[in-house]
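Participant: Provide a 3D model corresponding to the input given below.
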Amino acid sequence: MSDGGEVIDRLFGALANGEVDAAVACFADGAKVWHCFDCIAHDKPAMREQWLALVDNFPERDFVNARRQPIPGGFVQQHVMTATTATGARKAWPTCIVVRVENGLIVRLDEYIDRAGAFDPGPDGLATTPGL
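Facilitator: As a prediction, the model looks like this:
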């Protein structure tokens, strides 16, 4: 692994804190983010707009229960994305990302998230991938 996952920790920490520009700074120029739900490789400006919408629509966000495995040039990570809506409803989504890193910055991130697969993290607020 070219880094121990520090760049993805910075990315998700920034998004959890609503710091969109800090999240964008985790990506190299020319980086792409591909989503399984739209099959488009988005560039940094497009991701900035999407993350601004995420922050606007979900006042609280977090990325928990991370499990990371190194691969050549990066890593694969499974985690649970949690969010609270403006009405206070809590939701969670199991997610898998494949990340390529060069010179400490993300050059490619492929995200596999089933947006229809949201679940309620329960009254204790603990969000772990169901079935694990």
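Participant: and stretch 77-91, which residues are buried?
Facilitator: For stretch 77-91, the buried set under the neighbour-count rule, 16 or more other Cβ atoms under 10 Å, comprises 77, 78, 79, 80, 81, 82, 83, 84, 90, 91. C-beta here means a position set from N, CA and C on the backbone, and glycine is covered the same way.
Participant: Does anything pack onto the longest helix along the chain? Which helices or strands?
Facilitator: For the chain, the longest helix by residue count, based on DSSP state H, is helix 44-57. Helix 44-57 makes packing contacts with helix 6-16, helix 20-24, strand 27-35 when contacts are defined by 3 or more Cβ pairs under 8 Å, 6 or more residues apart in numbering; DSSP states H and E.
Participant: Pull the residues that contact the longest one.
Facilitator: Read it as helix 6-16. By Cβ atoms under 8 Å, 6 or more residues apart in numbering, the list of residues contacting helix 6-16 from outside reads 20, 22-23, 25-26, 51, 54-55, 61-63, 68, 75, 77, 79, 97, 99, 101, 104-106.
Participant: Check which residues of it are buried.
Facilitator: 7, 8, 9, 10, 11, 12, 14, 15, 16.
Participant: What is the end-to-end distance of stretch 112-121?
Facilitator: This stretch, stretch 112-121, spans 19 Å end to end (Cα to Cα, to the nearest Å).
Participant: quick revisit: following the chain past the longest helix of the chain, name the next helix or strand.
Facilitator: strand 60-71 (DSSP states H and E).
Participant: I'm done for today, thanks for sticking with me.
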